[in-house]
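Trainee: The following block contains a protein sequence and its predicted model.
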Amino acid sequence: QVQLVESGGGLVQPGGSLRLSCAASGSIFSINAMGWYRQVPGKQRELVAAITSGGTTNYADSVKGRFTISRDNAKNTVYLQMNSLKPEDTAVYYCNADLTYYSGIYRVRDDYWGQGTQVTVSS
């Protein structure tokens, strides 16, 4: 089986920084795109940032210039460095991975989600 385990959320003051990490583990053959999404109560989950296996990145307009996504392919880990945080960044942040894993003699491609980590920006 495959697991995504997130860490790094918490409470921070406006203008502060946090770094989220998400490590994938299990019978992984390869990881394609990895990304971070966020969700607030009553709203749909939205893409924050994504990164391909080759390092191409994509950001939501609301976080461009403030957030940086990166990944360590050797560790199957994706990071989200969040700077200049604003109260409107408050949300539960979820890691996502489009990956291929071993299932017996087969390789299966599927989409996995982490359990979510709370980020609260407040004074």
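Mentor: Happy to help now that I have it.
Trainee: how many other residues sit next to Arg71?
Mentor: Summarising burial for Arg71: neighbours were counted as other C-beta atoms under 10 Å, giving 21. Just so you know, the C-beta spots here come from the backbone N, C-alpha and C atoms, and that holds for glycine as well.
Trainee: er, Pro41 actually
Mentor: Pro41: 6 neighbours (other C-beta under 10 Å).
Trainee: Which residues does Thr77 form beta bridges with?
Mentor: Under DSSP bridges, the beta-bridge partners of Thr77 are Ala23, Asp72.
Trainee: What score does it have for pLDDT?
Mentor: Listed pLDDT for Thr77 reads 97.
Trainee: can you give me the strands in the chain?
Mentor: Taking DSSP state E to define them, one finds strands in the chain at 2-7, 10-12, 18-26, 28-39, 46-51, 57-59, 67-72, 77-82, 91-103, 106-113, 117-121.
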